[in-house]
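*Asks:* Build the 3D model from these lines:
(one chain, ligands or ions: 3)
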Amino acid sequence: MHPMLNIAVRAARAAGKILIKEFDQGQPIDATSKGPNDWVSEMDRAAEKAIIDTIRKSYPEHGIIAEESGQQQGTDNDFQWVIDPLDGTTNYLRGIPHFCISIALLHKGSVQQGVVYDPVREELFTASRGAGAQLNGRRLRIDPKVELKGALLATGFPFKAKHKLPEYQQMFNNLFEHCADMRRAGAAALDLAYVAAGRFDGFFEMGLKPWDMLAGELMIREAGGIVCDLDGGHNYIQSGNITAGAPKVLKQMLPVMRK
Ligand code: IPD
Ligand code: CA
Ligand code: CA
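*Replies:* Numbering: from 1, shown residues only. Ligands and ions are numbered 1, 2, ... in the order given. Sure, this is the predicted structure:
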């Protein structure tokens, strides 16, 4: 394993341990609102601190962009870590066992390493640029034959920006007519990792943040899938609007969504 991926894994496992300990107690966890339907708890912050401390120990000069603490020092460094310490906060706070930690490492703006860790199922999704994607060490390869007809797609609703609903609903309706079924599981980084694992054949969501997407994006590419924005372009990190999937599925999704 690449040494920087190894540190990312160590950081994700440390955060996972903290999240699971509290989750297993089954007690309500205090949360405060960051915006409409957007919550943060002390557990998001504790997990983020564990990740940053782990990275800092090995790479004190690297830059860090973490969801809860914002841009940290090292912004001019070629290496930047992009962290979502708890993706699926709403699930977590409600005792729904579907959430993850997502950590990506960029070098000069391009994602080199990615980890998505589900501490409930102890599933570790990893990817290194040019070296493939793995789930618990087993190589992931997206089936190039799978098509939109019969596909299981995943999505996220625009619950933090409900003015986007009409545009979103149109895309949802168009796709739903052509696929087998759709899931809304509640953790975008895990949705993307599931696409890499072939559990979902495609995914789309509007208004995501870089820390939701970067690790999963690398995983999907390394597993043989495609990632783009809702128009087939490369602008998804800036716009937050993302489509991803098996190659044939994605090519068939794009025109259907914009019908
Ligand atoms: C959210 C989850 C959710 C997605 C939201 C994200 P958070 O992340 O990934 O599935 O629909 O857009 O913001 O807030 O739980 O880290
Ligand atoms: Ca997130
Ligand atoms: Ca989060």
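*Asks:* all helices for the protein, in order.
*Replies:* 3-25, 42-58, 89-93, 165-178, 188-196, 210-222, 236-239, 247-257 (DSSP state H).
*Asks:* Kindly reformat those helices as TSV containing distance to ligand 1, mean pLDDT and mean neighbour count.
*Replies:* Glycine gets a C-beta too; all of them are placed from N, C-alpha and C. Formatted as TSV, the entries for the helices of the chain read as follows, by distance: least, CB to the nearest ligand atom, whole Å; pLDDT from 0 to 100; neighbours: other CB atoms under 10 Å:
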stretch	distance to ligand 1	mean pLDDT	mean neighbour count
helix 3-25	12	95	19
helix 42-58	8	95	19
helix 89-93	4	93	21
helix 165-178	11	97	15
helix 188-196	3	98	30
helix 210-222	5	98	26
helix 236-239	13	95	16
helix 247-257	17	97	19
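*Asks:* Give me every residue in this protein lying close to ligand 3.
*Replies:* By the rule CB under 5 Å from the ion, the part of the chain lying against ligand 3 is 67, 84, 86.
*Asks:* Kindly recompute the last result at 6 Å.
*Replies:* Where the chain comes near ligand 3, counting by CB under 6 Å from the ion, the residues are 44, 67, 84, 86-87, 89.
*Asks:* who are the neighbours in contact with the residue nearest to Tyr117 when sequence neighbours are not counted?
*Replies:* If the residues on either side of it in the chain are set aside, Tyr117 comes closest to Ala12, at 3.9 Å by CB to CB, 6 or more residues apart in numbering. If you count contacts by CB atoms under 8 Å, 6 or more residues apart in numbering, Ala12 has them with 51, 101, 103, 115-117, 124.
*Asks:* Select only the buried ones of those residues in PyMOL?
*Replies:* Burial among the contacts of Ala12 is assessed by 16 or more other CB atoms under 10 Å; the matching PyMOL selection reads:
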select buried, resi 51+101+103+115+116+117+124
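*Asks:* how many neighbours does Tyr59 have?
*Replies:* 18 (other CB atoms under 10 Å).
*Asks:* Save the helices of the chain as TSV, and put in distance to Phe157 too.
*Replies:* Below are those laid out as TSV (distance: least, CB to CB, whole Å):
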stretch	distance to Phe157
helix 3-25	23
helix 42-58	21
helix 89-93	11
helix 165-178	7
helix 188-196	11
helix 210-222	14
helix 236-239	17
helix 247-257	15
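*Asks:* Pull up the residues of the stretch 51-200 of the chain that are close to ligand 1.
*Replies:* When proximity is defined as CB under 6 Å from any ligand atom, the stretch 51-200 of the chain approaches ligand 1 at 84, 87-89, 156, 186-188.
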